[in-house]
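S.K.: No sequence on hand, only this structure:
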């Protein structure tokens, strides 16, 4: 585009953007100049906050015009930003709030530089992908900062309300958004699947409420709760914006948007708060590799020349030591390690997976007996299947066992993975079980019931009780 032509385009855009505000300002000035000054002039009726909030002020028009001119001069190319943080800043689009809660949270984050450093370091693996997906959907880029609030960008985060992953989905909402949850993987923790589900959910909530702050409140509190709060304020003739509804919200939701605003403020100008953000290149951190056959996690990490911690950080959805193959199975690897994986895989002369499944058909079976049958130890089986000590398996349970020569070439089917369950009960020696008796009323002797033992689940992410997802 010629320089003169570009300038003409910019001036035309500027004129169009400013026209309504200039017209309004002119009309307001004329009315002010011609207004009679009299002691008996009627008192003006102040406009409600709802009405004044909708008036297009000159400042708002200028801000929008500045963004328009910036987009034109940048040729609308987000990759021109030096790093991802700059790319996020340039896409801020949710109206700011400024209240005491925001100030409190800014102070909390600003006085914890170690926490910010850990969180942003974890975020550096995932945030380019999140920003890219937001831009594809035309969504505000500060939503990429939401995992700061949800999980501190820890995809292994697990709350007391069973919310899991970077975006903290509870099981039911995860299923609503097609996040597969079975014995072998939990896509609530998967980077690609959970991000897609979270952005789809947020988009749906925005379409429902027409307001990003209310959409965020609904993401935390549930859309039904926000709808009821809106109806309550409407019935009282009160405004229905986020801050007007805040008193009706539980403390967690009331603080939710202010927390995001606090993180926005810090990311916008970290130096102002004495903080430094890690450099995150404005390019993909990882790439996805399709895997159509089973592979042990240890083998996959070895082929990619990655530590287990780094491999699991990018692939946290896999619950067992083997990754089930299939058309939709993807492994995430850093760009340079993906090339190493492909090269090493072509030269690999061993089995990729050492695990298969076994279904318990007896009434119950002890882990030690199974270990002897498959030439391994009870500890190995317990660790591979997350089975607590002093428990045994009931009929119908499916567990991982080492492959034998007869099953070496058999992969675990998707049908088995989807239907696999594990039923556990206390493992009491028969002699002790017979000795455990209790006398009921009436003198009848009954065997004491055997209590069920559930697998221990490592819980993290604090004591937050998620109401919505």
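M.R.: Now that the structure is in, tell me what you want to look at. A quick note: this is a predicted structure, and the numbers were derived from the prediction, not measured.

S.K.: Checking my notes, residue 375 in a helix, right?
M.R.: No - looking at residue 375 with DSSP: H, G, I helix; E, B strand; the rest coil, it is coil, so not inside a helix.

S.K.: neighbours around it, how many?
M.R.: Residue 375 has 9 neighbouring residues, counting by other Cβ atoms under 10 Å. Every residue, glycine included, has its C-beta placed from N, CA and C.

S.K.: Dihedrals phi and psi, it?
M.R.: phi 70, psi 40 (degrees, to the nearest 10).

S.K.: Tell me which residues touch the residue lying closest to it once chain neighbours are set aside, please.
M.R.: Leaving aside its chain neighbours, residue 375 sits nearest to residue 402 (6.6 Å; criterion: Cβ to Cβ, 6 or more residues apart in numbering). Shown in contact with residue 402 (Cβ atoms under 8 Å, 6 or more residues apart in numbering): 354-356, 374-376, 380.

S.K.: rerun at 7 Å
M.R.: 354-355, 374-376 (Cβ atoms under 7 Å, 6 or more residues apart in numbering).

S.K.: Please pick the buried ones from these.
M.R.: Neighbour-count burial within these applies to 354-355, 374; the criterion is 16 or more other Cβ atoms under 10 Å.

S.K.: Next, format those residues as CSV and append distance to residue 299.
M.R.: Formatted as CSV, the buried ones among the contacts of residue 402 follow (distance: Cβ to Cβ, whole Å):
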residue, distance to residue 299
354, 8
355, 11
374, 19
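
S.K.: Could you pull up the residues touching the residue nearest to residue 423 when sequence neighbours are not counted?
M.R.: Using Cβ to Cβ, 6+ apart and skipping the chain neighbours, the partner closest in space to residue 423 is residue 394 (4.0 Å). Neighbouring residues of residue 394 by Cβ under 7 Å, 6+ apart: 360, 364, 423-425.

S.K.: again with residue 299
M.R.: Counted by Cβ under 7 Å, 6+ apart, residue 299 has contacts residue 352.

S.K.: heads up, I number from 56, so please use that
M.R.: Understood, numbering begins at 56; the last thing we discussed is residue 354.

S.K.: Wait, a helix at it?
M.R.: Yes - checked against three-state DSSP, residue 354 lies within a helix.

S.K.: Could you single out the nearest of the contacts of residue 457 to residue 467?
M.R.: Nearest to residue 467 out of these is residue 410 (Cβ to Cβ; 7.7 Å).

S.K.: pLDDT wise, what is the residue nearest to the closest one when sequence neighbours are not counted at?
M.R.: Distance criterion Cβ to Cβ, 6+ apart; nearest residue to residue 410, sequence neighbours excluded, is residue 377 at 4.3 Å. In this prediction, residue 377 carries a pLDDT score of 97.

S.K.: OK, contacts around residue 377?
M.R.: Per Cβ under 7 Å, 6+ apart, neighbours of residue 377: 349, 351, 408, 410, 455.

S.K.: who's the fourth one bridged to?
M.R.: This points to residue 410. Beta bridges link residue 410 to residue 457, judged by DSSP bridges.

S.K.: quick check: mean pLDDT across stretch 445-458?
M.R.: 94.

S.K.: Tell me the secondary structure at residue 416.
M.R.: What three-state DSSP gives for residue 416 is coil.

S.K.: Give the full set of residues in contact with it.
M.R.: Residue 416 is in contact with residue 450, counting by Cβ under 7 Å, 6+ apart.

S.K.: Any figure for the gap between it and residue 448?
M.R.: Applying Cβ to Cβ, to the nearest Å, the value for residue 416 to residue 448 is 11 Å.

S.K.: cool, and residue 372?
M.R.: Taking Cβ to Cβ, one finds residue 372 at 25 Å from residue 448.

S.K.: Return the distance of stretch 384-400 from the chain's centre.
M.R.: 24 Å (Cα atoms, centre = their mean, to the nearest Å).

S.K.: where along the stretch 356-505 of the chain do the strands fall?
M.R.: Shown for the stretch 356-505 of the chain, the strands assigned by DSSP state E, counting those that start in this stretch span residues 377-378, 385-389, 410-414, 419-421, 446-449, 453-457, 479-481, 492-494, 500-502.

S.K.: can you tell me which of these comes nearest to residue 336?
M.R.: In terms of Cβ to Cβ, the element of the strands of the stretch 356-505 of the chain nearest to residue 336 is strand 385-389, at 11.6 Å.

S.K.: Which residues does that closest one contact?
M.R.: Contacts of strand 385-389 (Cβ under 7 Å, 6+ apart): 246-247, 340-346, 355, 359, 369-370, 378, 396.

S.K.: any idea which of the contacts of residue 457 is closest to residue 279?
M.R.: Nearest to residue 279 among the contacts of residue 457, with distances taken as Cβ to Cβ, is residue 410, at 42.9 Å.

S.K.: Spatially, and excluding backbone neighbours, which residue is closest to residue 145.
M.R.: Residue 145's closest residue in space is residue 136 (Cβ to Cβ, 6+ apart), at 6.3 Å.
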